[in-house]
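**Student:** below is the sequence, then the predicted model.
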Amino acid sequence: MTWNWDLVWSRLLAVGFVVLVSLIIWAVLTLIISRIVRRIRIGSSILNVRGLKWAQPVLRTLDSERRVKRAETIGSLLNSVVTVVIVVIAVIYVLQSLGVNIAPVLTSVGIFGIAIGFGCQQLIRDFLAGIFITMEDQYGIGDVIETSEVVGVVESVGLRITRVRAADGAIWYLRNGEILRLGNRSQGDFIAPAAEGPADAAGQTAVDAHDNARDEMAHQSDGGAAIARRVQ
């Protein structure tokens, strides 16, 4: 068998070019995403105004963990989407460069994707709900939330599961796709009703614990800021 070396080298060069361009695009997009995540971690630049610098210690202590969690989630999501899209496009172009007919491959992948989609509808629903909960900042770590199942303090927010600690110490694992109605007592001006039932009393206990923790963090931040001023 005689090899057409010109054709072989031309296809290898085409494959190498596709891989190189894909790596460059992936690196550039990853750098952009890392800068976006870094900006989210730092927070709003409005606090850098001279007249508002006094509020930096308290506000940064209160929402630092929540902001970092949101930044990590968004960064991980964007990196995953970018990587998958670039890899799929690169594989398609590589197969085309090698002279492979990709029409049957795309058909098979489409059928496989439809089957996976039908089989994992609930999982996809949970992930999509978790993405919107994180990006819209519906609630975060330390917030007191009220759902149809539980009233308690949010301990963890994931793309699929939200972990909540109730007033009795029980840990609840809520699937994000199943949370249809939710109230965030930490974002509004919640006032406990005069006649409290067991659920309302549990929720108020969680609110009190959250407020005490917030006041303690604010007090520690004020003390640290005062010590810093004395040192200066």
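**Tutor:** Yes, it's here. What you are looking at is a predicted structure, and each value in this text was computed from that prediction instead of being measured.

**Student:** where along the protein do the helices fall?
**Tutor:** Assigned helices in the chain, in chain order: 5-42, 56-97, 103-119, 121-135, 198-231 (criterion: DSSP state H).

**Student:** least confident of these, on average?
**Tutor:** Comparing mean pLDDT across the helices of the chain, the lowest value falls on helix 198-231: a mean of 52.

**Student:** which residue lies nearest the spatial centre of the chain?
**Tutor:** Within the chain, the residue whose C-alpha comes closest to the C-alpha centroid is Thr73; the distance, by C-alpha atoms, centre = their mean, is 2.4 Å.

**Student:** count of neighbours near the nearest residue to it once chain neighbours are set aside?
**Tutor:** Spatial nearest neighbour of Thr73, chain neighbours left out: Thr134 (4.7 Å); criterion: C-beta to C-beta, 6 or more residues apart in numbering. (Glycine included, C-beta is placed from N, CA and C.) Number of residues near Thr134 (other C-beta atoms under 10 Å) recorded here: 22.

**Student:** with the one 5 residues further on instead?
**Tutor:** Using other C-beta under 10 Å, Tyr139 has 23 neighbouring residues.

**Student:** what's the answer for Phe132, then?
**Tutor:** Neighbour tally, Phe132, other C-beta under 10 Å: 10.

**Student:** before we move on, what about Val85?
**Tutor:** Residues within reach of Val85, counting by other C-beta under 10 Å, total 13.

**Student:** repeat that for Ile111.
**Tutor:** Here the neighbour count serves as a burial measure; for Ile111 (other C-beta under 10 Å) it reads 10.

**Student:** now it: how far from Gly117?
**Tutor:** Taking C-beta to C-beta, to the nearest Å as the measure, Ile111 falls 11 Å from Gly117.

**Student:** now Tyr139
**Tutor:** To Gly117, Tyr139 is 28 Å away according to C-beta to C-beta.

**Student:** lovely, talk soon.
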